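>>> take this sequence and fold it.
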Amino acid sequence: MRPLLEIRDVSVRFGGVKALSGVSCDIAEGEFLSLIGPNGAGKTTLLRVVTGQVKPETARIILAGQDITSLATHSRIRLGLAITHQIVRPFRSMTVLDNVALAVGHERLNRVLPALVSRDRTKERRRALELLKWVGISDMAERDVFGQPLGVLKRLEVARAMALEPKVLFLDEPLAGLNNIEAARLADTIAEINRQGLTVVMIEHNLGEVLRVSRRLVVLDNGVKIGDGDPGEVMHDPAVRAAYVGKEGSDAAA
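As a prediction, the model looks like this:
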């Protein structure tokens, strides 16, 4: 069976620095894959190449059998890619519900005339409330976004991404900044989203939660893929332990 997402030979250079060197990875439908590695390994750069935010030296990206390598970011989103960001950027002048409803109505916004003539947002708001229930913050629906704690904003970011009805959901450090309890609860929510059938690719430094909920790991170091497979097996690989665990320890001690 053909993979849902095929990432082929991704190489990226920023000036004289080689950020990625020939990285390839196949992602099957329904997978929960975590992309890990020390700071500067190239994780976010790879994600941004896949979503069209960084132009590579070489790459081929195929989604559901369609080559999307030359497409702009908005076109890739329309075809089924969605991403959450490390720094959440909701519309702070709107309610939690309206933030998600706006994302639910993205197709209507792309069609200017229907967006202008229709003021009925009942369908979008109903779907938005379903998504807020899914991520566990439906009780916050009518509250203003401004002033909400980071834990709520992180869940809101996930709901907004899911509102785009993606084939693949990319999560860029969704647990960053959360305490242990909040991180564990959000990791459980993400795992449940995956169990419902959505393909998830997560970049995350919280190794404890990564190992607890992920089904597969891909490890990068200095822009090169050095590990790929079952989380337990990958983390016992001497090369991964030397490159990832060793450098993380050095970073902590610095």
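>>> just how off-centre is stretch 23-39 within its chain?
Centre-to-centre, stretch 23-39 and its host chain are 11 Å apart (C-alpha atoms, centre = their mean, to the nearest Å).
>>> kindly report the same for stretch 204-213.
The chain centre lies 14 Å from the centre of stretch 204-213; the measure is C-alpha atoms, centre = their mean.
>>> what comes up buried for that stretch?
Of the residues in stretch 204-213, those with enough neighbours to count as buried (16 or more other C-beta atoms under 10 Å) are 204, 206, 207, 209, 210, 213. Heads up, the C-betas are built off the backbone N, CA and C, glycines and all.
>>> hmm, who's touching it?
With contacts defined as C-beta atoms under 8 Å, 6 or more residues apart in numbering, stretch 204-213 is touched by 32, 34, 36, 171, 173-176, 183-184, 187-188, 190-191, 202, 217, 231-232, 235, 248.
>>> ok, stretch 48-63 next?
Here stretch 48-63 makes contact (C-beta under 8 Å, 6+ apart) with 4-13, 20, 22, 45, 67-69, 71-73, 75-77, 79-81, 83, 167-168, 170.
>>> coming back round to it: which of the contacts of stretch 204-213 fall in strands?
Secondary structure assignment (DSSP state E) places 32, 34, 36, 171, 202, 217 from these within strands.
>>> now render those residues as JSON lines, adding pLDDT and distance to residue 89.
Written out in JSON lines, the entries for the ones in strands among the contacts of stretch 204-213 read as follows (pLDDT from 0 to 100; distance: C-beta to C-beta, whole Å):
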{"residue": "32", "pLDDT": "98", "distance to residue 89": "25"}
{"residue": "34", "pLDDT": "97", "distance to residue 89": "23"}
{"residue": "36", "pLDDT": "95", "distance to residue 89": "24"}
{"residue": "171", "pLDDT": "96", "distance to residue 89": "15"}
{"residue": "202", "pLDDT": "97", "distance to residue 89": "19"}
{"residue": "217", "pLDDT": "97", "distance to residue 89": "28"}
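>>> out of the residues you listed, what pair is the most spread apart?
Of all pairs drawn from the ones in strands among the contacts of stretch 204-213, the widest gap by C-beta to C-beta lies between 171 and 217 and measures 14.5 Å.
>>> coming back round to it: farthest-separated two in the buried residues of stretch 204-213?
Of all pairs drawn from these, the greatest distance, 11.5 Å, lies between 207 and 213 (C-beta to C-beta).
>>> describe which strands the helix or strand harbouring residue 20 pairs with in its sheet and in which direction.
Residue 20 is located in strand 17-27, with elements delineated by DSSP states H and E. Using DSSP bridges, the neighbouring strands of strand 17-27 in the sheet come out as strand 5-14 (antiparallel).
>>> what comes up buried for the partner strand?
Taking 16+ other C-beta under 10 Å as the neighbour-count basis, strand 5-14 is seen to contain the buried residues 5, 6, 7, 8, 10, 11, 12.
>>> what of stretch 51-71?
Of all the residues in stretch 51-71, those buried under the rule 16+ other C-beta under 10 Å are 51, 52, 54, 56, 59, 61, 62, 63, 68, 69, 71.
>>> that's a helix at the fourth one, yeah?
Put plainly, it is residue 56. No. The assignment for residue 56 by DSSP: H, G, I helix; E, B strand; the rest coil gives coil, which leaves it out of any helix.
>>> re earlier: list just the nearest of the buried residues of strand 5-14 to residue 99.
Residue 99 has its nearest neighbour among the buried residues of strand 5-14 in residue 5, at 27.0 Å by C-beta to C-beta.
>>> so the closest one versus residue 186, what's the distance?
Applying C-beta to C-beta, to the nearest Å, the value for residue 5 to residue 186 is 23 Å.
>>> let me know how buried residue 234 is, in neighbour terms.
Residue 234 has 23 neighbours, counted by other C-beta atoms under 10 Å.
>>> brilliant, that's me finished.
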